[in-house]
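Undergrad: Just to be clear, the model below is a prediction. Sequence and coordinates:
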Amino acid sequence: MEYVRIQSIQDPNFAEMHGLMGRIFPPEEVLVFELWEEPLQDPNIHVYVAVHEGAVVGATEYRYQAELKVAMTDFTIIGQPGLGIGRFLYVNREKDLRRLESESGTTSIGMFAEIYDPLEAEALSFGQVLPMHPAVRREVLSHIGFSKLDIRYVHPSWDHEGKAVTGLDLGFRPADENRTSLPASLVVAFLRWYYQALPNKPQEWLDMVAALEKRDEIPLKPL
């Protein structure tokens with residue numbers, strides 16, 4: 001299996017990956033094909049696919065924000081079971097993140113991830129791929145150290161329609177497993193940075209951020 005970076009929508013692997021995303025995720029979570037060109041060329045956005053026997057069978061996107069010392073896993077896709085795709089992506093992503101930390105001269109506090117709540121996302125099919133079922137993904141993420149922030153989470157839709165997307169938690173995997181909370185200021189700074197590319201923010205998201213700005217610490221809770 002190969003770990004291949006994608007940096008253009010002209011890359012044939014990108015069309016395969018985008019098709020995979022459309023089969024796995026709900027429409028509001030998938031940026032339209034043409035709008036990927038700019039983010040793919042952003043050196044800070046890392047999009048990799050797992051290529052097995054010439055076909056894209058998995059993908060992951062992540063970034064490292066050196067100023068805040070946090071990483072973000074944008075998504076991970078396991079296209080089919082039985083190939084060890086999840087482990088393959090995890091190992092290669094971790095190795096690359098350590099490289100990014102080293103090159104920036106910083107040490108990461110941890111990693112954010114948006115995590116579906118299986119109780120609220122039960123109706124979503126997730127491409128009928130069992131490893132992508134929200135209950136499975138949530139347990140895997142819990143095993144590797146993710147917790148959820150104790151907030152009612154909402155995010156802007158990636159289809160640029162400014163809709164509020166619910167049914168997810170904002171997760172965090174602290175580098176120090178004894179950490180039990182995050183500064184609210186860090187969470188706010190991260191969310192403003194992460195969603196700066198989306199001009200249309202739903203009122204629910206603005207209200208959530210405003211409420212976070214009034215808090216000091218956000219507890220981390222088990223998934």
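TA: Okay, I see it. Residues are numbered from 1 along each chain as shown.

Undergrad: gap between the residue at the greatest distance from the centre of the chain and Gln80?
TA: Ranking residues of the chain by C-alpha distance from their mean position (C-alpha atoms, centre = their mean) puts Glu53 at the top, at 26.2 Å. Applying C-beta to C-beta, to the nearest Å, the value for Glu53 to Gln80 is 12 Å. Bear in mind the C-beta positions are built from the backbone N, C-alpha and C, glycine included.

Undergrad: ok so, going back, tell me the pLDDT at the residue farthest from the centre of the chain?
TA: Looking at Glu53, its pLDDT is 96.

Undergrad: Describe which strands the longest strand along the chain pairs with in its sheet and in which direction.
TA: For the chain, the longest strand by residue count, based on DSSP state E, is strand 55-65. Looking at strand 55-65 with DSSP bridges, its partner strands are strand 46-52 (antiparallel), strand 70-78 (antiparallel).

Undergrad: Among those strands, which comes closest to Leu31?
TA: Relative to Leu31, the nearest member of these by C-beta to C-beta is strand 70-78, separated by 10.2 Å.

Undergrad: can you give me how far the helix or strand following the closest one is from the chain middle?
TA: Heading C-terminal from strand 70-78, the first helix or strand you meet, by DSSP states H and E, is helix 85-104. In terms of C-alpha atoms, centre = their mean, to the nearest Å, the centre of helix 85-104 is found 14 Å from the chain centre.

Undergrad: got it, and stretch 156-164?
TA: Using C-alpha atoms, centre = their mean, the distance from the centre of stretch 156-164 to the centre of the chain it belongs to is 16 Å.

Undergrad: same deal with stretch 156-166?
TA: 15 Å.

Undergrad: Run through who's touching that stretch.
TA: 27-32, 35, 120, 153-155, 195, 198-205 (C-beta atoms under 8 Å, 6 or more residues apart in numbering).
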